[in-house]
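Asks: 3D, please:
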Amino acid sequence: MKKIKFSLLCLFMAVLGAKAQSIGNPLPIPFGDPYVLYDDNGKYYMYGTGGDVKEGFGAYSSTNLKDWKFEGQVYHHDNTNGWGIHSFWAPEVYKKDGKYYMFYSAQWKQNPNREKENFKIGVAVSDKATGPFTDLNDRPIFDPGYPIIDANLWFENGKTYLYYSRCCYKHPVESEVAQWARKNGWYNEVEESWVYGVELKPDFSDAIGEPVLLLRPPVKMGKDDWESRSVTAKEVNRRWTEGSFIFKKGEVYYMMYSANNFDGQNYAVGYATSKSPLGPFKKADENPVLQKNGMVTGTGHNSITYSPDGKQMLCVYHGRTEASGHQRLVFIDRMEVNKDGKLVVHGPTLKD
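Replies: Have a look, this model is predicted:
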């Protein structure tokens, strides 16, 4: 999501000093929306929103998930086919046939109606995980007719599925929460973002068929009220379902997602399950599985990686602490799918 300035990182690093080599959570990496790729060279590569870059994306590398090296800016918006002009968010990199493909969202410069939010999803390619990445085309992958962000991919049986979030922008939705907020005199309407899935062409040049709605905020008030905290806390007249990440365990597809204001303390993560990559998905009764705990707030937009031996699942996400202030930093915590099929994140944790 939105780029948070690099303002407090230097102060944070100065406080850590010699401890930087053994630090647990948070990592001294000023990313929102962190994504980790484990390459066959035995290295992890992390990409994210923000950091010490301008209009593009930076990357870090590590062999142990603890000590990270900044690899510099790996994507620049003004590359040969660059189509975005600002708001470069949520990059994810996938390796396919020896090439590295970066999927990301940005504000599309083709904007005849001068929309404030004209976000679309594009894909850039490189021969190396550290770039430089060049857009495959001088345009986004496709235009569904509304702003979209937060790309995530799934590959199966020769098919590629793209998951994304439709933005809240100009998307008011009637619900019991919207009625409640209107009755209280807080907001006349509540806008929502929804998660969709669609199949992509093999060359990533376009979508195949129509997007399928997979997840949205609850219509009724009740057990899923955690997804409405941004409204019930009177922060903003929006409810988010975004930052989706899909994986498969056995025959079950798990889709993790983030809800609430990405810029606030109530950002949290839940999950839903399905027997098919395009749903229908059912939200878990035990949601949220990651949320603020007093020491850490704003926990969300996660990805998943694994320990080098492939045995331990790890949840990679951003959050904030009292020391970091409003600066988002990266956290990595253990996670698992237990014998009952329930997803558990052992976090957020804060370590020295």
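Asks: hmm, residue 320 is touching residue 300, no?
Replies: No - using CB atoms under 8 Å, residue 320 is not in contact with residue 300, being 10.5 Å away. Placement of C-beta: from N, CA and C, glycine included.
Asks: compare the two (neighbour count), which wins?
Replies: When residue 320 and residue 300 are compared for neighbours, residue 300 comes out ahead with 29 against 23, by other CB atoms under 10 Å.
Asks: just give me how far the helix or strand in which the more buried one is found sits from the chain centre.
Replies: Element membership for residue 300, per DSSP states H and E: strand 296-306. Strand 296-306 sits 8 Å away from the centroid of its parent chain (CA atoms, centre = their mean, to the nearest Å).
Asks: kindly report the same for stretch 265-284.
Replies: 14 Å.
Asks: and stretch 151-162, by the same measure?
Replies: On CA atoms, centre = their mean, the centre of stretch 151-162 falls 16 Å from that of its chain.
Asks: what's the span of it from first residue to last?
Replies: 7 Å (CA to CA, to the nearest Å).
Asks: show me what counts as buried in that stretch.
Replies: 151-154, 160-162 (16 or more other CB atoms under 10 Å).
Asks: all strands for the stretch 1-150 of the chain, in order.
Replies: Along the stretch 1-150 of the chain, the segments classed as strands by DSSP state E, counting those that start in this stretch run 31-38, 44-50, 56-62, 69-76, 84-96, 99-108, 119-126, 134-135, 148-156.
Asks: mean confidence (pLDDT) on the first one, please.
Replies: By that I understand strand 31-38. In this model, strand 31-38 has a mean pLDDT of 98.
Asks: make sure I have this right: residue 231 is in a helix.
Replies: Yes - assigned with DSSP: H, G, I helix; E, B strand; the rest coil, residue 231 falls within a helix.
Asks: quick one, which of the strands of the stretch 1-150 of the chain is nearest to residue 339?
Replies: strand 148-156 (24.4 Å; CB to CB).
Asks: tell me what the closest one is packed against?
Replies: Here strand 148-156 touches strand 84-96, strand 99-108, strand 119-126, strand 159-166, strand 241-249, going by 3 or more CB pairs under 8 Å, 6 or more residues apart in numbering; DSSP states H and E.
Asks: so who does the residue lying closest to residue 103 once chain neighbours are set aside touch?
Replies: Spatially, and ignoring its direct neighbours in sequence, residue 103 is nearest to residue 151 (3.9 Å; CB to CB, 6 or more residues apart in numbering). For residue 151, the contact set (CB atoms under 8 Å, 6 or more residues apart in numbering) comprises 90, 92, 103-105, 121, 162-164.
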